[in-house]
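Trainee: Dropping a prediction and its sequence here:
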Amino acid sequence: MPSPVSASDSIVTLMDVAVVVERVPVLRGLTLGVTAGESVGVVGANGSGKSTLLRVLATLLAPVRGHGRVLGAELGTDESFAVRPGIALVGHVPSLYPRLTLRENLRFLARLTGRREQAADDALELVGLAPAGDRRAEACSQGMLRRAELARVLLAQPRLLLLDEAHAGLDDGSIGLVEVVIRRVSERGGASVIVSHDQPRLRDLADRMVEIRNGQAVPADEEVPA
Ligand SMILES: Nc1ncnc2c1ncn2[C@@H]1O[C@H](COP(=O)(O)OP(=O)(O)OP(=O)(O)O)[C@@H](O)[C@H]1O
């Protein structure tokens, strides 16, 4: 039997949220709750609004209707600034400084977040990038950059992890890293929202699945065609 959920377990609460991008309504009355320890997989057709949802959860895009809270902060208010350090968005755009090496990037982040440099080196090691630590980010392959982003998440220890195209650019040997990172976030009382077009893998990773359809989130109990 699931344990009772208290208000403090709530990581995300979106109620009837509408979002407009460049004057086009993308999310139209979307309701979604995510609690501590959960990982939620998000599927939907191209252009349905999956990345838009992640940007809302990252507090980068405010709803025009409805209301929502992320890590306790009400969306669309200044409260968002305070919770952003607890949110990690791994999206289409790499967040690393191109001219810095992978190790310099990670160590810089460690310093910013009050962690020891050793924690940065450990994170690089865990994602298998220690041998490439002296390589500039701009000289890394897409898959390496993706692994470096996962190292960044391990280092940042977010309470809310947002993974867009979770499996993009990762070879079979690296896919397991995504699971490791998600598990770490859950174990620390956080939660993950994961977008992927690789539905079978996503179903293995996620505790439950939702589909974005007509701008709303509906349970995705059965596989939907890509
Ligand atoms: N910067 C933008 N300017 C104009 N329209 C945008 C912009 N970003 C997103 N959109 C539109 O918003 C809608 C939702 O886009 P979004 O990227 O959230 O979809 P998605 O479900 O993630 O798609 P995909 O599966 O193709 O990655 C699409 O119709 C897209 O064209």
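Mentor: Looks like it arrived, so ask away.

Trainee: Going by C-alpha atoms from here, please, whenever you check contacts or count neighbours.
Mentor: OK.

Trainee: tell me which residues in stretch 18-26 are buried?
Mentor: 18, 19, 20, 26 (16 or more other Cα atoms under 10 Å).

Trainee: Can you add pLDDT and secondary structure and give those back as a markdown table?
Mentor: Listed next are the buried residues of stretch 18-26 as a markdown table, based on pLDDT from 0 to 100; DSSP: H, G, I helix; E, B strand; the rest coil:
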| residue | pLDDT | secondary structure |
| --- | --- | --- |
| 18 | 97 | strand |
| 19 | 97 | strand |
| 20 | 96 | strand |
| 26 | 97 | strand |
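
Trainee: Give me the subset of these that also touch the ligand.
Mentor: Among the buried residues of stretch 18-26, the residues that sit close to the ligand (Cα under 6 Å from any ligand atom) are residue 26.

Trainee: can you put the buried residues of stretch 18-26 in JSON lines and add distance to residue 169?
Mentor: JSON lines is the format used below for the buried residues of stretch 18-26 (distance: Cα to Cα, whole Å):
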{"residue": "18", "distance to residue 169": "31"}
{"residue": "19", "distance to residue 169": "29"}
{"residue": "20", "distance to residue 169": "30"}
{"residue": "26", "distance to residue 169": "27"}
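
Trainee: between the buried residues of stretch 18-26, which is closest to the ligand?
Mentor: Closest approach between these and the ligand, by Cα to the nearest ligand atom: residue 26, at 5.5 Å.

Trainee: my guess is the closest one contacts residue 48, does it?
Mentor: Yes: counting by Cα atoms under 8 Å, residue 26 does reach residue 48; the two are 7.2 Å apart.

Trainee: Could you pull out the residues contacting both of the two?
Mentor: residue 215 (Cα atoms under 8 Å, 6 or more residues apart in numbering).

Trainee: How much space separates the residue positioned nearest the centre of the chain from the ligand?
Mentor: Most central in the chain under Cα atoms, centre = their mean is residue 162, positioned 1.1 Å from the mean C-alpha point. Distance of residue 162 to the ligand, given as Cα to the nearest ligand atom, to the nearest Å: 13 Å.
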